[in-house]
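Asks: Sequence and predicted model, in that order:
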Amino acid sequence: MKFELFYPQWKDRAVTFSYDDGQIFDRRLVDIFNKYGIKGTFNLNSGLYNDGKRIDPSEWRELYKGHEVAAHT
């Protein structure tokens with residue numbers, strides 16, 4: 001028996017984008033993704049912020065709106 005898997009709009013291939021730890025570079029990356037209709041998964045770690053290199057949790061909800069957010073420890 002043969003099975004075929006299709007993604008939305010009958011596409012037969014997919015690319016995933018996954019990023020870790022909510023780094024400040026995510027701001028620019030999310031802007032680019034939103035501009036071109038690309039979705040990403042952002043793995044956030046609530047133990048890693050407030051060091052000047054990561055995005056504060058108060059900004060997470062708005063910044064990552066429309067993307068997948070996952071807990072990462």
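Replies: Perfect, thanks for sending it.
Asks: helix or strand for Leu29, which one?
Replies: helix 26-36 (DSSP states H and E).
Asks: what does that helix contact?
Replies: Applying Cβ atoms under 8 Å, 6 or more residues apart in numbering, the set of residues contacting helix 26-36 from outside is Phe17, Tyr19, Ile38, Lys39, Gly40, Phe42, Ile55, Leu63, Tyr64, Gly66, His67. C-beta: built from backbone N, CA, C; applies to glycine.
Asks: What about those, which one has the most neighbours?
Replies: When the contacts of helix 26-36 are compared by neighbour count (other Cβ atoms under 10 Å), Phe42 ends up highest, at 23 neighbours.
Asks: list the helices and strands whichever strand or helix holds that one packs on?
Replies: If you go by DSSP H and E, Phe42 is part of strand 41-44. With contacts taken as 3 or more Cβ pairs under 8 Å, 6 or more residues apart in numbering; DSSP states H and E, strand 41-44 sits against strand 18-20, strand 68-71.
Asks: Give the buried residues for the last one.
Replies: Of the residues in strand 68-71, those with enough neighbours to count as buried (16 or more other Cβ atoms under 10 Å) are Val69.
Asks: That one: partners in the sheet, and parallel or antiparallel?
Replies: strand 41-44 (parallel) (DSSP bridges).
Asks: before we move on, back to that, list the buried residues in the helix holding Leu29.
Replies: Applying 16+ other Cβ under 10 Å to helix 26-36 flags Asp26, Val30, Phe33 as buried.
Asks: Gln9: which of those residues is nearest?
Replies: Nearest to Gln9 among the buried residues of helix 26-36, counting by Cβ to Cβ, is Phe33 at 18.3 Å.
Asks: Can you check what pLDDT the model gives that closest one?
Replies: The model reports Phe33 with a pLDDT of 97.
Asks: on that earlier part again, can you redo the contacts of helix 26-36 as JSON lines with distance to Gln9?
Replies: As requested, the contacts of helix 26-36 are exported to JSON lines (distance: Cβ to Cβ, whole Å):
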{"residue": "Phe17", "distance to Gln9": "18"}
{"residue": "Tyr19", "distance to Gln9": "25"}
{"residue": "Ile38", "distance to Gln9": "15"}
{"residue": "Lys39", "distance to Gln9": "14"}
{"residue": "Gly40", "distance to Gln9": "19"}
{"residue": "Phe42", "distance to Gln9": "24"}
{"residue": "Ile55", "distance to Gln9": "32"}
{"residue": "Leu63", "distance to Gln9": "27"}
{"residue": "Tyr64", "distance to Gln9": "24"}
{"residue": "Gly66", "distance to Gln9": "18"}
{"residue": "His67", "distance to Gln9": "19"}
